[in-house]
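J.: A structural model of the following input is requested.
(2 chains, ligands or ions: 1)
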Amino acid sequence: MNRLDGKIALITGSGAETLKSEVLGIGGATVIEFCKEGATVIISDVFDKEGSEFASELKSKGYDVYYKHIDVTKNADWDNVISWIEKTFGKLDILVNNAGISMPINLFTTTEADWDKTNDVNSKGCFLGMKAASALMQKNNSGSIVNISSMYGLVGSPYSVGYHASKGAVRLMSKAAAIQLAPYKIRVNSVCPGMVMSPMQVRKKANISSEKWEEFVGFLEDSPLNKAKKEWIPTSQIGLGIVYLASDEAQWVTGTDLVIDGGQTAQ
Amino acid sequence: MEKTIDWIEKDFGKLDILVNNAGIAIRGHVLDTNESDWDKVNDINSKGYFLGTKFAGKLMQKNNFGSIINIASIYAIVGGTLSFGYAASKGAVRLMSKAAAIQLAPYKIRVNTICPGFAATPINKHYRLTPNAPEVVSIRESIPLKGFIPADQIAWGVVYLASDESEWVTGTDLLIDAGWIAQ
Ligand SMILES: NC(=O)c1ccc[n+]([C@@H]2O[C@H](COP(=O)([O-])OP(=O)(O)OC[C@H]3O[C@@H](n4cnc5c(N)ncnc54)[C@H](O)[C@@H]3O)[C@@H](O)[C@H]2O)c1
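T.: Coordinates of the predicted model:
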């Protein structure tokens, strides 16, 4: 209930859905878990209408939340919001770099533009966010940054080489940042989710043939726990892992990966 | 182990969580490790965890639920200068946890390890007693967060892995090592 009391948290890619949506993304679900633990949360996304609505829904429930526009690939957006946070709260305790995109394409079908777009959002966005946020965290000599990588930052798959590259980059830049920010007591970790039912999957289902979708759902069988439970991982479970890493319970956890994948990459 | 599990079954009818934590550290270079040291450290650290996982797993299986947390070490991941049998035993813990995670997933039993870094526990009492000894200083300086990990911080990691907040976490390692392995 109060594991994040008094903490100011910024979460990217967390405002594309509202409480009325069928399913919340990992970002939105994390916002809710953070609110329940007492944090002040700055929701950010490129969907300003939905993001503002999500923020007012949560405010009406008594939570302390705000919405701000951040396209993670735009340095100016980061600068704006980080200086607003500094002016308004005087500090930033937690950054969750969650914004990300994926494309159901393989090595042969990935164009240069696809590669650039995926790596811009997933990898460069994460770099710009860490840089902007840690400049503020440094002043306070404390902070926790959680970057969302993926089990596809650990192992390969039949899909998207660009996505694998970007998620591998997130994992390793997190470790480098952990070492470089340790002198300021800023911790940096990544979370590697497995098969999660989020809007990303809902869109994938709409965009690919039903055969391809069946093949994709077949991957659930590859994960020991997804197979046993016959379910996808709910986004709230990723949010709870992020709560642990963001909280003072993980004060000595830095430079590592929290894998939440039902055992898929243990085999 | 078997006796205790029987008693738990009789008294509580179920077991939700097992933490395999008991362990010893025998220091020694590969060339100085004698067979009895090897046997002792591997008996307690590795075989002890196997027996725990087996008998607890049997009771958890009846309930189709459970979480087993095996305390490994950063020396389950990389080598060090001063321990050999210990490294072998902790490497065994890490991999037996992954195998058990796969084999027990059908019963919704999760198995994970925690790999602590240099923790300020009684096994390492010299960190506290002689903080300025050259060996202790050089270890501390090698740790990105520049300090020894308090035991309660390891315990919080155990709580996370034991709780329903980690319902989908299995077969993995939670490193609580102040960034040591990341460098
Ligand atoms: N769903 C899974 O199975 C899964 C598995 C592993 C990792 N992930 C990762 O989790 C993260 C969240 O994904 P999700 O599953 O919730 O999908 P999602 O599509 O619901 O969420 C992605 C969010 O990022 C936002 N976004 C996209 N481009 C942006 C940009 N340029 N600037 C700011 N925001 C932007 C979107 O608007 C959306 O809110 C992603 O990084 C994804 O790669 C998801």
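
J.: Enumerate the strands of chain B by residue range, in sequence order.
T.: Secondary structure of chain B by DSSP state E: the strands cover B:17-20, B:66-71, B:109-116, B:173-176.

J.: With chain A instead?
T.: Taking DSSP E as the test, the strands found in chain A are A:8-11, A:40-45, A:65-69, A:94-97, A:143-148, A:186-193, A:196-197, A:233-234, A:257-260.

J.: Contacts only, for residue 131.
T.: No chain specified, so I'll use chain A. For residue A:131, the contacting residues are residue A:78, taking CB atoms under 8 Å, 6 or more residues apart in numbering or on different chains as the criterion. For every residue, glycine as well, the C-beta is placed using N, CA and C.

J.: wrong one, I was asking about chain B
T.: Shown in contact with residue B:131 (CB under 8 Å, 6+ apart): B:137, B:140.

J.: any idea how far it is from residue B:147?
T.: Between residue B:131 and residue B:147 the computed distance is 11 Å (CB to CB, to the nearest Å).

J.: Overlap in contacts, these two.
T.: Common neighbours of residue B:131 and residue B:147, using CB under 8 Å, 6+ apart, are residue B:140.

J.: quick one on the thing from earlier: and the strands of chain A as a markdown table, adding mean neighbour count, distance to the ligand and mean pLDDT?
T.: What follows is the strands of chain A, written out as a markdown table (neighbours: other CB atoms under 10 Å in any protein chain shown; distance: least, CB to the nearest ligand atom, whole Å; pLDDT from 0 to 100):
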| stretch | mean neighbour count | distance to the ligand | mean pLDDT |
| --- | --- | --- | --- |
| strand A:8-11 | 27 | 10 | 98 |
| strand A:40-45 | 27 | 5 | 98 |
| strand A:65-69 | 21 | 9 | 98 |
| strand A:94-97 | 29 | 8 | 98 |
| strand A:143-148 | 26 | 4 | 98 |
| strand A:186-193 | 27 | 4 | 98 |
| strand A:196-197 | 19 | 4 | 94 |
| strand A:233-234 | 22 | 7 | 97 |
| strand A:257-260 | 25 | 9 | 98 |
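
J.: Please convert those strands to CSV, extending it with distance to residue B:109.
T.: Formatted as CSV, the entries for these read as follows, by distance: least, CB to CB, whole Å:
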stretch, distance to residue B:109
strand A:8-11, 32
strand A:40-45, 34
strand A:65-69, 37
strand A:94-97, 30
strand A:143-148, 27
strand A:186-193, 21
strand A:196-197, 22
strand A:233-234, 17
strand A:257-260, 17
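
J.: Now distance to chain B too, for these, in CSV please.
T.: Rendered in CSV, the data for the strands of chain A read as follows (distance: least, CB to the nearest CB, whole Å):
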stretch, distance to chain B
strand A:8-11, 17
strand A:40-45, 18
strand A:65-69, 21
strand A:94-97, 16
strand A:143-148, 12
strand A:186-193, 8
strand A:196-197, 9
strand A:233-234, 5
strand A:257-260, 4
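
J.: among these, which is nearest residue A:104?
T.: For these, the distance to residue A:104 is smallest for strand A:196-197, at 15.5 Å, taking CB to CB.

J.: follow-up on the earlier one: nearest to residue B:105, out of the strands of chain A?
T.: strand A:233-234 (13.4 Å).

J.: how far out from the middle of the chain is the closest one?
T.: 14 Å (CA atoms, centre = their mean, to the nearest Å).

J.: Stretch A:224-234 now?
T.: From the chain centre to the centre of stretch A:224-234 is a distance of 21 Å (CA atoms, centre = their mean).

J.: same check, this time on stretch B:176-183
T.: Counting by CA atoms, centre = their mean, stretch B:176-183 comes out at 16 Å from the chain centroid.

J.: what comes up buried for that stretch?
T.: Residues of stretch B:176-183 classed as buried by neighbour count (16 or more other CB atoms under 10 Å in any protein chain shown): B:176, B:177, B:178, B:179, B:180, B:181, B:182.

J.: what do you get for stretch B:143-160?
T.: Neighbour counts using 16+ other CB under 10 Å place B:143, B:144, B:145, B:148, B:149, B:153, B:154, B:156, B:157, B:158, B:160 of stretch B:143-160 among the buried residues.

J.: of those, list those near chain A.
T.: Near chain A, judged by CB under 8 Å from any CB of the partner chain, the entries from these are B:144, B:145, B:149, B:153, B:156, B:157, B:160.

J.: For the spatially most central residue of chain B, list the residues it contacts.
T.: The central residue of chain B, meaning the one whose C-alpha is nearest the mean C-alpha position (CA atoms, centre = their mean), is residue B:71 at 1.2 Å. Taking CB under 8 Å, 6+ apart as the definition of contact, the neighbours of residue B:71 are B:19, B:20, B:21, B:23, B:93, B:113, B:114, B:116, B:154.

J.: re earlier: ok, of the buried residues of stretch B:143-160, which one's closest to residue B:58?
T.: Taking CB to CB as the measure, residue B:158 is the one of the buried residues of stretch B:143-160 closest to residue B:58, at 21.9 Å.

J.: which non-adjacent residue is nearest that closest one?
T.: With sequence-adjacent residues excluded and distances taken as CB to CB, 6 or more residues apart in numbering or on different chains, residue B:158 is closest to residue B:69, at 5.4 Å.

J.: so who does that neighbour touch?
T.: Residue B:69 makes contact with B:17, B:18, B:19, B:20, B:111, B:112, B:113, B:114, B:158, B:161, B:162 under the criterion CB under 8 Å, 6+ apart.

J.: The last one against residue B:18, yeah?
T.: No. Contact status for residue B:162 versus residue B:18: not in contact, 9.2 Å apart, counting by CB atoms under 8 Å.

J.: ok, those two, which is more surrounded?
T.: Taking other CB atoms under 10 Å in any protein chain shown, residue B:162 and residue B:18 do not tie; residue B:18 has more neighbours (25 against 19).
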